[in-house]
Each structure stands twice: as structure tokens, then as C-alpha cells.
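> Turn this into a model:
(one chain, ligands or ions: 2)
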Amino acid sequence: MILYVDHNIKKHLSSSPSLFTQMMALQGITFRKEAGRLTQAIAIDGQSYFIKQHTGVGWREIFKNLLYGRLPIISAKNEWVALQKCKTLGIASPHVYGYGKQGINPAQIRSFVLMEALQDARSLEEISCHWKAFPPSFALKNQFTMKVAQITRTLHDAGINHRDLYICHFLLKDQTLYLIDLHRAQIRKRTPSRWRIKDLAALYFSSMDIGLTHRDRLRFMRAYQKKPLNAFSKMEHTFWEWVKKRGEKLYCEHQ
Ligand SMILES: Nc1ncnc2c1ncn2[C@@H]1O[C@H](COP(=O)(O)OP(=O)(O)O)[C@@H](O)[C@H]1O
Ligand SMILES: [Mg+2]
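Ligands and ions are numbered 1, 2, ... in the order given. Here you go, the predicted structure:
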């Protein structure tokens, strides 16, 4: 069993049952409930936190993933590791206050990750939902475009791909743009092109209805590649064509 809980939080919990059991039993406001996984806003001693509690995915889910050539996410470890990596890369993300994992049977691992609640934060999806009807200033739109491109590039260049990179997973709080939901993130030495494309397509798709212009997208591409458009190689142009194609496909699938 692995268990870490910030000592300032620990002191507000009782000595029995075990700390792990208490963390897994915490209840608050449910934000997401999936089979074997619960995302909640909770309070400990009047302080707000977010907790993701995993109660085991089951063999069915494991086999289903393996059948499609995917490695299943069987615990909160992924998010815990990815959140720490983000911190070292200077990508703003919720601070981790606790992590625990119990069990060896992959289908029944119980785990949690406890993190800072970004209170009064607004997602980029909420912020931009009226941009089509009421366009923001160029400066504001450009600021977000550059920041999202920079976060995405930093993540990818460090060998991380997010796998849920929609604009709803960028939260703005006190002028800082945070990246959240690293539950499915993968970490490698290098991020293969297909995984970069998948993340960028998710961004493309989730920003299709917010009134971005072709020029905004070109600005994003330049910032992500860190070079002017006329310096893009043929391969890089093809790469961005794939991003667009996959993004549009996602959009059609969601209509
Ligand atoms: N640390 C946090 N601070 C504030 N809101 C959060 C935080 N973590 C998650 N949320 C909210 O809960 C929602 C679900 O969390 P998310 O991390 O996306 O989990 P899931 O993997 O279940 O989709 C988010 O879209 C966001 O609205
Ligand atoms: Mg999510």
C-alpha cells in the first residue's frame, strides 16, 4: 500500500479507521461518476479540495481496453504522477495534497488523489461560450491562444500527452490558466506524433464553436511549433492537416 497525505490535513482526520479508509470514504459534491471512479469536491476542516476516488475498474474494462490496444487506467497513480510532472515543468495545475493506492489485483485496486480545489475558477469553455456572438478583444483572445499553445507544447515536448485535452480542462483562476484532469495522461520519453495530433485535435474540436478565425488558428500553430509558418516543413504542414481532419471528425461525431 502507498499512502501520502499532507500533514496539515492528516491532523483533522481521526486515528481510526485507517487514513486510507477515511480518504476513500470522503463524500462531498459529485462532479463525475463513472464505473469505478468518483470525482468530488469535498471539505476537510472547512477547506475545499477535489478528490478522485478509484474503486477498481474490473476485468471487463481491462480486457475491453487491451482488445483495442490501449492500456487501461487502473488507479489514480496516472493523475498523481502527471500532476507532479506538470509542476516540475512549470505548468500550473492543482496542488496535490494526498495520494493512496491499495491492492495488487489490477481489476480491484483502490486509490485516490486529493488535490487543491481551484475555487471560483472558470473553464475556458465557459469563458469563451459567448465569443462567437460577442467577440472578445484581440488581446484577450490572443493571450489565451498563446497560453494554451505554450502549455500544450511544453506538455508534449516533455513526453506527456493528455488524452482529454478539451478547452473545459483549462481553468482560469486569478489570471493563471491551470490544466486539469490528467487522469488519462501518458508519459514517455518522447510524445509520438499520433498522440500530439490526438490532443491538438481535441483542442481543435472543442474550440470549433467559439468563433476562432483561420488567423487565430495559424497563430496557435506558430506558437506551438515556435517558428513562423513559412519555416514549417512539408511534414509539419501534413501534421496540421491531420489535426484539422481529426478535429473535424470529432466534431461531426458529436453532432
Ligand atoms: N482541482 C479542481 N478545482 C476545481 N474544479 C475542479 C478540479 N478538478 C476537477 N474540477 C471540476 O470537476 C470536473 C471533473 O473533473 P475532471 O478532472 O475533469 O475529472 P474526470 O476525470 O472525472 O472528467 C472538471 O471539469 C471541473 O469542472
Ligand atoms: Mg474531465
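
> ok, the closest residue to Arg153 other than its chain neighbours - contacts?
If the residues on either side of it in the chain are set aside, Arg153 comes closest to Tyr224, at 4.9 Å by CB to CB, 6 or more residues apart in numbering. Where you see a C-beta, it was placed from the backbone N, CA and C, and this is true even at glycine. When contacts are counted by CB atoms under 8 Å, 6 or more residues apart in numbering, Tyr224 is found next to Ala149, Thr152, Arg153, Leu200.

> what do you get for Lys101?
For Lys101, the contacting residues are Met1, Ile2, Leu3, Ser75, Ala76, Lys77, Ile109, Arg110, Ser111, by CB under 8 Å, 6+ apart.

> what residues are up against the fourth one?
Pointing back at Ser75 there. For Ser75, the set of contacting residues under the criterion of CB under 8 Å, 6+ apart consists of His54, Lys101, Ile109, Ser111.

> Can I get those residues in JSON lines including secondary structure, pLDDT and distance to Lys141?
Putting those into JSON lines (DSSP: H, G, I helix; E, B strand; the rest coil; pLDDT from 0 to 100; distance: CB to CB, whole Å) gives the following:
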{"residue": "His54", "secondary structure": "strand", "pLDDT": "97", "distance to Lys141": "37"}
{"residue": "Lys101", "secondary structure": "strand", "pLDDT": "97", "distance to Lys141": "41"}
{"residue": "Ile109", "secondary structure": "coil", "pLDDT": "96", "distance to Lys141": "43"}
{"residue": "Ser111", "secondary structure": "strand", "pLDDT": "98", "distance to Lys141": "39"}
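
> tell me the two of those residues that are most distant?
Within the contacts of Ser75, His54 and Lys101 form the most distant pair, 8.6 Å apart (CB to CB).

> Confirm that Trp80 sits in a strand.
No: Trp80 sits outside any strand when classified using DSSP: H, G, I helix; E, B strand; the rest coil, being helix.

> Quick check, it in contact with Tyr97.
No: applying CB atoms under 8 Å, one finds Trp80 not in contact with Tyr97, separated by 10.9 Å.

> So for the two, which sits in the more crowded spot?
Under the criterion of other CB atoms under 10 Å, the comparison of Trp80 against Tyr97 puts Trp80 first, with 25 against 21.

> and that one, what is it in contact with?
Applying CB under 8 Å, 6+ apart, one finds that Trp80 lies in contact with Val96, Tyr99, Val113.

> How many residues are close by the residue of the stretch 151-255 of the chain found nearest ligand 1?
Among the residues of the stretch 151-255 of the chain, Asp181 lies closest to ligand 1, at 3.3 Å counting by CB to the nearest ligand atom. For Asp181, the tally of surrounding residues (other CB under 10 Å) stands at 22.

> roughly how far apart are the residue lying closest to it once chain neighbours are set aside and Leu155?
If you skip the residues right next to it in sequence, Asp181 has His169 as its closest partner in space, 4.7 Å away by CB to CB, 6+ apart. With distances taken as CB to CB, to the nearest Å, His169 is found 12 Å from Leu155.

> more crowded one of the two?
The neighbour comparison of His169 against Leu155 (other CB under 10 Å) goes to Leu155, with 25 against 20.

> Tell me, what's the model's pLDDT at the more buried one?
pLDDT recorded at Leu155 is 98.

> Double-check that it belongs to a helix.
Yes: the assignment for Leu155, made by three-state DSSP, places it in a helix.

> Please look at it and Phe170 and confirm they touch.
No: contact between Leu155 and Phe170 fails when scored by CB under 8 Å: they sit 11.8 Å apart.
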